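Chemist: Make a model of this:
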Amino acid sequence: MRAVIQRVTSAQVDVAGTPVGAIGRGLLILLGVGQGDGPRDVGYLVQKTAGLRIFPDAEERMNLSLQDIAGAALVISQFTLYGDCRKGRRPAFTAAAAPALAKALYEQYCQQLAGQGIAVETGQFAADMQVQLVNDGPVTILLDSRKAF
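Modeler: Take a look at the predicted model:
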């Protein structure tokens, strides 16, 4: 699994012009599921996301986690994180998981993140979404569960 994590002061996702998820201070998480991903990948990314120390403390050092600041997460499914652009100019998405598996693991990630005491908002799986955010910092972190094991 891959995640692009952005520290935000606010973020919102709309589907067909209607807001379906919004947060204040916290993390916007673009989450991609690849072929061969499973519960171990979900668990790894949940623990990393919840405990990632990228929020400033009283001395303005990145020393606090999402849990520490009682922040929220807006999680958006993003199969294009598995786009392969090595050949030609059109990305190939053959490394992305099939929709049924991707949806199940995306939902597990959201549920387990909420189980860490984090308020979780989501987009709509497989929908055409418009995402708005105010990036704080900017701070953007890439996580890949395959690089952990």
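
Chemist: Give the partner strands of the strand of greatest length in the chain in its sheet and their orientations.
Modeler: Assignment by DSSP state E gives strand 129-144 as the longest strand of the chain. Paired neighbours of strand 129-144 in the sheet (DSSP bridges): strand 2-15 (antiparallel).

Chemist: The helix or strand just after the strand it pairs with vs strand 129-144, what angle?
Modeler: Downstream of strand 2-15, the first helix or strand assigned by DSSP states H and E is strand 18-23. Per axes from the mean of the first three to the mean of the last three C-alpha atoms, to 10 degrees, the angle that strand 18-23 makes with strand 129-144 is 40 degrees.

Chemist: any idea how far residue 77 lies from residue 107?
Modeler: 9 Å (C-beta to C-beta, to the nearest Å). Using the backbone N, CA and C atoms, a C-beta is placed for each residue, glycine as well.

Chemist: Settle it for me: which of these two has more neighbours?
Modeler: residue 77 (26 against 15; other C-beta atoms under 10 Å).

Chemist: quick check, residue 112 in a strand?
Modeler: No - assessed with DSSP: H, G, I helix; E, B strand; the rest coil, residue 112 is helix; it does not lie in a strand.
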